[in-house]
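Asker: Sequence first, predicted model second:
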Amino acid sequence: MRLKKLAGKRPARIAAGFIAMGLLSPVAAQAPSLAMLGTLDDGQWEVRPRDGGSVRRLCVRSGMELIQLQHGNSNCSRFVVEDAANAVTVQYTCRGNGYGRTSIRRETTNLVQIDSQGIAGGLPFQFSAEARRVGACR
């Protein structure tokens, strides 16, 4: 396809042509939903680092609580890297407080594997953990 021929056409017509040829998907413009996190059971979850670090408990209501474990409730902007049926990856930036990238893989609605890395409080972090529902929130 010649670029000179495309230059005079409207962008919408060009995009429609690419969609018709299967080269561009209209779904790409929609915001990811992170639906997998919503399938996790609500309740008290225990996050157990693989390196033997401190076990942490938290109340999970939406699953989103598992994304920013090193940044807590900081108001961070998020960019969804992967949004699959059994896995999500989110990159986030907490203005003035660092950033991170977290991947969560669901094994069951009560068990997930978490890998996260980034900068928190000016220091780098990296961890792998297993998170499991252990009961109701207190």
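Answerer: Great, that's in hand. Numbering: from 1, shown residues only.
Asker: name the element residue 115 belongs to?
Answerer: strand 111-120 (DSSP states H and E).
Asker: tell me the domain ranges of this structure?
Answerer: 1-30, 32-135 (automatic domain parsing).
Asker: Save those as CSV, and put in mean neighbour count and mean pLDDT too.
Answerer: The way it works is simple: take the backbone N, C-alpha and C, and place the C-beta from them, glycine included. Converted to CSV, these look like this (neighbours: other Cβ atoms under 10 Å; pLDDT from 0 to 100):
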stretch, mean neighbour count, mean pLDDT
domain 1-30, 9, 47
domain 32-135, 15, 95
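Asker: re the thing from before, what's the following helix or strand past the strand holding residue 115 packed up against?
Answerer: Per DSSP H and E, the first helix or strand lying C-terminal to strand 111-120 is strand 123-135. Other elements packing on strand 123-135 under the criterion 3 or more Cβ pairs under 8 Å, 6 or more residues apart in numbering; DSSP states H and E are strand 43-49, strand 111-120.
Asker: strands paired with strand 123-135, and their directions?
Answerer: strand 43-49 (antiparallel), strand 111-120 (antiparallel) (DSSP bridges).
Asker: ok, back up a step: can you list the helices and strands packed on strand 123-135 in CSV and add distance to residue 33?
Answerer: Below are those laid out as CSV (distance: least, Cβ to Cβ, whole Å):
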stretch, distance to residue 33
strand 43-49, 21
strand 111-120, 17
